[in-house]
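Student: Here is my input; please provide its structure:
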Amino acid sequence: MVAPPQLRALLFAINALLRKRRYHAALAMLKGFRNGAVGWACTHGGSLCLCSLREKLRAILQATYTHSWNLARFVFLYKGLCALQSHVQGKTYQAHSFVSAFIGGLLVFGNNNNINSQISMYLLSRVLFALCRLGVEKGFIPEPRLDPFPWFTGLVWGLVLWLFEYHRPTLQPSLQSSMTYLYEDSNVWHDLSDFFIYNKSQPSK
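Tutor: Below you'll find the model as predicted:
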């Protein structure tokens, strides 16, 4: 089906505009906005992702099985070690919880793979938040007069973009890939197709 002359003229004008270097920074912002929206949809909805549904389901089921099996073993070990320490010492101490979880973490989650890494980083963020709150509760940290969260999140984003731009190998491969899609791929396009419809040019058939 041949496009009408008016549509072809419009597409020609748009593609000519997209190739003008003087507008590159502003257009890169727009494509970055587009990639951010599509990237969020892929992460949280999946409807705009181009990967195979079968591959996604297989990966999800595998990750779910691995996490469930690891968590089951960890809870079993943790509760058993806590009970053992209480039995040996005749009463329960706070240290029992730490020692039991420490040993369970080493034995169950000590293998450095993607799933264990994600779980540990998820827990780390919660632990740091909880320790800060505990520090305030115990009087070791002065209670802030203003909500510190905006400063915290600004620091996190500032550091992660600095690391991505100048020390990229220090970041996790999955995070590098996501940030490359958002901040580098949005600098490259050839025409309307890989500016708005696709992230990259599609191979000619």
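Student: in this protein, which segments are predicted with low confidence?
Tutor: Low-confidence segments of the chain, defined by pLDDT under 70, are located at 1-3, 8, 12, 39-53, 191-195, 197-199, 201-205.
Student: Helices along that one, start to end?
Tutor: With DSSP state H applied, the chain shows helices at 5-18, 24-44, 53-89, 94-109, 114-138, 149-166, 173-183, 192, listed in chain order.
Student: for the fifth one, which positions count as buried?
Tutor: Neighbour-count burial for helix 114-138, counted by 16 or more other CB atoms under 10 Å, picks out 116, 119. Bear in mind the C-beta positions are built from the backbone N, C-alpha and C, glycine included.
Student: could you check the angle helix 173-183 makes with it?
Tutor: Angle between the axes of helix 114-138 and helix 173-183 is 90 degrees (criterion: axes from the mean of the first three to the mean of the last three CA atoms, to 10 degrees).
Student: what angle separates helix 114-138 from helix 149-166?
Tutor: Going by the same axes, to 10 degrees, helix 114-138 makes 140 degrees with helix 149-166.
Student: Make 39 the first number, not 1, from now on.
Tutor: Renumbered: residue one is now 39, and that last one reads helix 152-176.
Student: list the helices and strands helix 152-176 packs on?
Tutor: For helix 152-176, the contact count by 3 or more CB pairs under 8 Å, 6 or more residues apart in numbering; DSSP states H and E identifies helix 91-127, helix 132-147 as packing neighbours.
Student: Mind putting the ones you listed into TSV with mean neighbour count and distance to residue 172?
Tutor: Below are the helices and strands packed on helix 152-176 laid out as TSV (neighbours: other CB atoms under 10 Å; distance: least, CB to CB, whole Å):
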stretch	mean neighbour count	distance to residue 172
helix 91-127	13	21
helix 132-147	15	13
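Student: would you turn the helices of the chain into JSON lines with distance to residue 238?
Tutor: As requested, those are arranged in JSON lines below (distance: least, CB to CB, whole Å):
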{"stretch": "helix 43-56", "distance to residue 238": "15"}
{"stretch": "helix 62-82", "distance to residue 238": "11"}
{"stretch": "helix 91-127", "distance to residue 238": "19"}
{"stretch": "helix 132-147", "distance to residue 238": "36"}
{"stretch": "helix 152-176", "distance to residue 238": "25"}
{"stretch": "helix 187-204", "distance to residue 238": "19"}
{"stretch": "helix 211-221", "distance to residue 238": "10"}
{"stretch": "helix 230", "distance to residue 238": "13"}
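Student: if we can go back for a sec, can the helices and strands packed on helix 152-176 go into CSV with extra columns for distance to residue 44?
Tutor: Rendered in CSV, the data for the helices and strands packed on helix 152-176 read as follows (distance: least, CB to CB, whole Å):
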stretch, distance to residue 44
helix 91-127, 38
helix 132-147, 61
